[in-house]
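Novice: how would this look folded up:
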Amino acid sequence: MLSTPSGIKIAELSTHSAFVLWDMPSITYSENIGYLVYINNKEKKQTMRVPARRTYIKLDDLQPSTWYNVSVQAVSGVYKGNMSERVDFRTLRVSRKFQNENISSFEELAAFCQWQES
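Specialist: I've put the predicted structure just below:
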């Protein structure tokens with residue numbers, strides 16, 4: 001029996017990515033516990049495997065200003081624990097208030113700039 005991962009948190013949220021973090025289950029019975037992370041939105045469902053002992057994953061290729069929900073399940077061999085609580089989050093929107101050839105994109109909290117040395 002595997003207990004349920006808890007403390008699901010979303011960190012470092014941006015327009016196209018987010019980190020999902022969680023606490024290791026309190027009862028494990030095994031050192032080789034991995035995780036299945038379920039990511040859903042209106043358009044698609046995805047499952048990602050996380051290796052043993054790691055309690056985070058970076059989600060890439062997300063769409064800006066889009067709602068997602070995520071849940072985590074502990075796995076060990078053929079055994080699966082219960083699904084964690086579902087956590088909903090929304091990626092940041094892209095803001096294009098300024099036009100400048102050196103600025104590739106704006107987010108609510110950041111701007112990404114690039115330039116060439118002269």
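
Novice: now the longest strand along the chain: average pLDDT?
Specialist: Using DSSP state E, we find that the single longest strand of the chain is strand 67-76. Strand 67-76 comes out with an average pLDDT of 94.

Novice: paired strands for the next helix or strand after it, with orientation please.
Specialist: Remark: after strand 67-76, the chain's next helix or strand is strand 79-83, criterion DSSP states H and E. With DSSP bridges as the test, strand 79-83 is paired with strand 67-76 (antiparallel).

Novice: just say helix, strand or coil for Ser14.
Specialist: coil (DSSP: H, G, I helix; E, B strand; the rest coil).

Novice: can I assume it is in contact with Thr91?
Specialist: Yes - with contact defined as C-beta atoms under 8 Å, Ser14 reaches Thr91; the gap is 7.0 Å. Yep, even glycine has a C-beta here, placed from its N, CA and C like the rest.

Novice: these two: which has the busier surroundings?
Specialist: Comparing Ser14 with Thr91 by other C-beta atoms under 10 Å, the one with more neighbours is Thr91, at 22 against 18.

Novice: and that one, what does it touch?
Specialist: With contact taken as C-beta atoms under 8 Å, 6 or more residues apart in numbering, Thr91 is in contact with 13-18, 62-66, 68.

Novice: okay, and the helix or strand of this structure with the least pLDDT?
Specialist: strand 103-106 (a mean of 52; mean pLDDT, DSSP states H and E).

Novice: show me the shaky parts of the chain.
Specialist: For the chain, applying pLDDT under 70 flags the ranges 1, 27-31, 95-116, 118.

Novice: show me how far the longest strand of the chain is from its chain's centre.
Specialist: The chain centre lies 9 Å from the centre of strand 67-76; the measure is C-alpha atoms, centre = their mean, to the nearest Å.

Novice: who touches it?
Specialist: 2-5, 8, 10, 18, 20, 22, 25, 28-30, 32-42, 49, 59, 62, 80-91.
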